[in-house]
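J.: Show me the folded form of this:
(one chain, ligands or ions: 2)
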Amino acid sequence: MPPDKPDATYLCQRCGNCCRWPGDVIVTEPEIKAIANHLKLDATEFIQRFTRLSANRQHLSLTESENGACIFLEGKNTCKIQPVKPEQCRGFPNRWRFDGWREICEAIEIESQPQD
Ligand code: SF4
Ligand code: SF4
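T.: Ligands and ions are numbered 1, 2, ... in the order given. Here you go, the predicted structure:
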């Protein structure tokens, strides 16, 4: 795998691997409202059915399927809540990264444009 370059910008290749990566997918209160609305659920029902406490018990996280993937991953790489997916999902890998991310993420580095 290519090395992690902290200042580089990456273009997602929609491999879906990050949606199968185990761990928390944090959802904020506004995100909960937006996702619940998208699913035509009230926020309480959404929280009960699709969230759990995060590992540090400070937040709510989306739950996982039995195989450990995000509960909203369909097939290889389809997000069932794409228009309202959480900021954590939108921000990876350009706004945040985790150790070892290059081993699973197929995003390609975007060449920076030469300056005039
Ligand atoms: S909410 Fe969508 S983009 Fe985020 S981890 Fe789940 S399936 Fe992937
Ligand atoms: S692992 Fe990387 S390339 Fe694959 S879907 Fe996630 S951000 Fe995109």
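
J.: what's next to stretch 17-25, contact-wise?
T.: 54-55, 59, 61-62, 64, 67-70, 72-73, 77, 79, 86, 88-89, 92-93, 98, 104-106 (CB atoms under 8 Å, 6 or more residues apart in numbering). Yep, even glycine has a C-beta here, placed from its N, CA and C like the rest.

J.: From ligand 1, how far off is the spatially most central residue of the chain?
T.: Nearest to the mean C-alpha position of the chain, counting by CA atoms, centre = their mean, stands Cys89 at 2.6 Å. Counting by CB to the nearest ligand atom, to the nearest Å, the gap from Cys89 to ligand 1 is 3 Å.

J.: thought that residue was touching Pro83?
T.: No. With contact defined as CB atoms under 8 Å, Cys89 does not count as touching Pro83 (11.7 Å).

J.: Overlap in contacts, the two.
T.: With CB under 8 Å, 6+ apart, Cys89 and Pro83 have no common neighbours.

J.: Quick check: nearest residue in space to the residue nearest to the centre of the chain, chain neighbours excluded?
T.: Leaving aside its sequence neighbours, Cys89 sits nearest to Val25 (CB to CB, 6 or more residues apart in numbering; 6.7 Å).

J.: Helices along the chain, start to end?
T.: Using DSSP state H, the helices of the chain run over 17-20, 29-38, 43-50, 87-91.

J.: Tabulate these in JSON lines, adding columns for mean pLDDT.
T.: Shown next, in JSON lines, are the helices of the chain (pLDDT from 0 to 100):
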{"stretch": "helix 17-20", "mean pLDDT": "98"}
{"stretch": "helix 29-38", "mean pLDDT": "98"}
{"stretch": "helix 43-50", "mean pLDDT": "98"}
{"stretch": "helix 87-91", "mean pLDDT": "98"}
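
J.: Go through these and pick out the most buried.
T.: Ranked by mean neighbour count, the helices of the chain are led by helix 17-20 with a mean of 19 (mean count of other CB atoms under 10 Å).

J.: For ligand 1, see how far away the residue nearest to Cys89 is.
T.: 5 Å.

J.: quick one: that residue from Glu31, how far?
T.: 10 Å (CB to CB, to the nearest Å).
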